[in-house]
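**Q** Provide a 3D model corresponding to the input given below.
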Amino acid sequence: MRILIAEDDLVSRKFLQKFFAEYGECDVVVDGLEALDAYLMSMKDKEPYDLICLDIMMPKVDGVKALKAIRDYERQQKIHADDKAKIIMITALADTQYVHNAFDAGCEAYAAKPVDINKLTDVMKKLELIK
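**A** Numbering: from 1, shown residues only. Down below sits the predicted model:
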């Protein structure tokens, strides 16, 4: 499984990378702009990400804007629903409006910080990324 982690906080980034490394190859970026660059490069190289984790609050381009751009690209390229990346939003925000906006934009799940490993594992099972 190919995984992209977009997280600006070093501790969260290291934690997520260590967790997801058990399940696949991880690329890690520090902001939404780098996330979009990595996503587009993976599509160009025909090695798309199976899972993308986006922090909602990131510099340059926030997670929700990155999510919308990824979903727009998938629509433009007519990528079949089964072939789209699964996207999990990561947030420390208590404001549920951000979470609602992310679901409206097309994310499959969200995880609140601090991330609970058991809940994240359950989400990955529900998304059929792991057994």
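
**Q** which residues in the chain form strands?
**A** In the chain, the strands defined using DSSP state E lie at 2-6, 25-29, 51-55, 86-91, 109-112.

**Q** in the second one, which residues are buried?
**A** Of all the residues in strand 25-29, those buried under the rule 16 or more other C-beta atoms under 10 Å are Cys26, Asp27, Val28, Val29. Backbone N, C-alpha and C define where each C-beta goes, glycine included.

**Q** tell me which two in those are the farthest apart.
**A** Between any two of the buried residues of strand 25-29, the greatest separation by C-beta to C-beta is 10.5 Å, found for Cys26 and Val29.

**Q** identify the contacts common to the two.
**A** Leu4, Ile5 (C-beta atoms under 8 Å, 6 or more residues apart in numbering).

**Q** can you list contacts of the least confident helix or strand in the chain by mean pLDDT?
**A** None of the helices or strands of the chain scores lower by mean pLDDT, DSSP states H and E than helix 96-105, at a mean of 82. Contacting residues not belonging to helix 96-105 are listed as Ile56, Gly63, Val64, Leu67, Lys68, Arg71, Met89, Thr91, Leu93, Tyr110 [C-beta under 8 Å, 6+ apart].

**Q** who wins on neighbours among the residues you listed?
**A** Ranked by the number of neighbours (other C-beta atoms under 10 Å), those place Gly63 first, at 30 neighbours.

**Q** shouldn't that one be in contact with Leu54?
**A** Yes - using C-beta atoms under 8 Å, Gly63 and Leu54 qualify as a contacting pair, with a distance of 3.7 Å.

**Q** quick check: neighbours shared by these two?
**A** Common contacts of Gly63 and Leu54, defined by C-beta under 8 Å, 6+ apart, comprise Ala6, Gly32, Ala35, Met89, Ile90.

**Q** and the second one, what does it touch?
**A** Residues touching Gly32, when contacts are defined by C-beta under 8 Å, 6+ apart, comprise Ala6, Leu54, Met58, Pro59, Lys60, Val61, Asp62, Gly63, Lys65, Ala66.

**Q** good, we can wrap up now.
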